[in-house]
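> sequence first, predicted coordinates after that:
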Amino acid sequence: MGYPGCEVTGGSVVFEGNEILEETTDARARAGMFMAFQYPVEIPGVPLSMFLREALNARRAEDDEISAREFRTLIVEKMEMLKMDLSFVSRYLNEGFSGGEKKRCEVLQMAILEPALAIMDETDSGLDIDALRIVAEGVNSLCGPDLGVLMITHYQRLLNYIKPDFVHVLANGQIVDSGGPELALELEDAGYDQYTRVAEKV
């Protein structure tokens with residue numbers, strides 16, 4: 001997503017046919033990339049509804065901004081689809097939210113913004129079993145031909161609810177193995193040590 005602390009030393013990143021390495025984070029977001037954080041930040045004083053409307057309008061053309069009435073209809077529709085309490089929209093962004101509420105809020109952002117690619121960083125962190133199931137149901141309801149999801153996790157439990165098409169094992173900054181959902185099950189049994197040793201030798 002363009003985090004400035006990361007230095008790209010080689011290669012390229014092509015998204016929707018365009019090289020994006022020189023693009024800023026906001027340009028990448030407007031192009032259809034979305035990042036769901038392991039620990040979403042709280043932003044006191046910014047109502048969730050205002051944040052979502054501004055974010056949506058930032059992705060649209062200046063002459064195609066969504067009206068307050070249209071947005072109200074849209075957000076109610078998406079929240080009902082995700083089985084979220086409508087009182088969320090009047091709260092400040094993530095302020096006082098539980099871990100599960102913060103993650104559900106990010107799924108709502110995905111539903112509103114309709115990105116082409118969602119990068120979900122350890123979405124299962126800090127979630128109990130019930131919250132994990134609810135968040136996973138939300139992600140599953142959005143997945144389809146128009147949305148690709150890159151799910152980053154250390155644990156199989158998330159994959160019990162969100163079935164991956166591909167599993168890639170990353171060790172020491174390298175992809176060291178790839179396979180189907182069965183690879184995650186093998187990892188659950190064998191652990192990561194075998195891959196760490198392989199990566200150190202490369």
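Nice, thanks for sending it over.

> now the end-to-end length of stretch 82-93.
Between the opening and closing residues of stretch 82-93 lies a distance of 18 Å (CA to CA, to the nearest Å).

> over to stretch 133-151?
Separation of the first and last residues of stretch 133-151 by CA to CA is 15 Å.

> check the offset of that stretch from the chain's centre.
Relative to its parent chain, stretch 133-151 has a centroid offset of 9 Å by CA atoms, centre = their mean, to the nearest Å.

> can you give me the buried ones in that stretch?
Within stretch 133-151, the residues that count as buried by 16 or more other CB atoms under 10 Å are 134-136, 138-139, 142, 147, 149, 151. Yep, even glycine has a C-beta here, placed from its N, CA and C like the rest.

> now intersect those with the strands, please.
Secondary-structure check on these using DSSP state E: residues within strands are 149, 151.

> give me the contact list for the one helix or strand Ala55 maps to.
With elements delineated by DSSP states H and E, Ala55 resides in helix 48-59, which encompasses its position. Outside of helix 48-59, the residues within contact range by CB atoms under 8 Å, 6 or more residues apart in numbering are 26, 29-30, 32, 43, 65-66, 68, 71, 75, 88-93, 105, 108-109, 112-113.

> alright, calling it a day.
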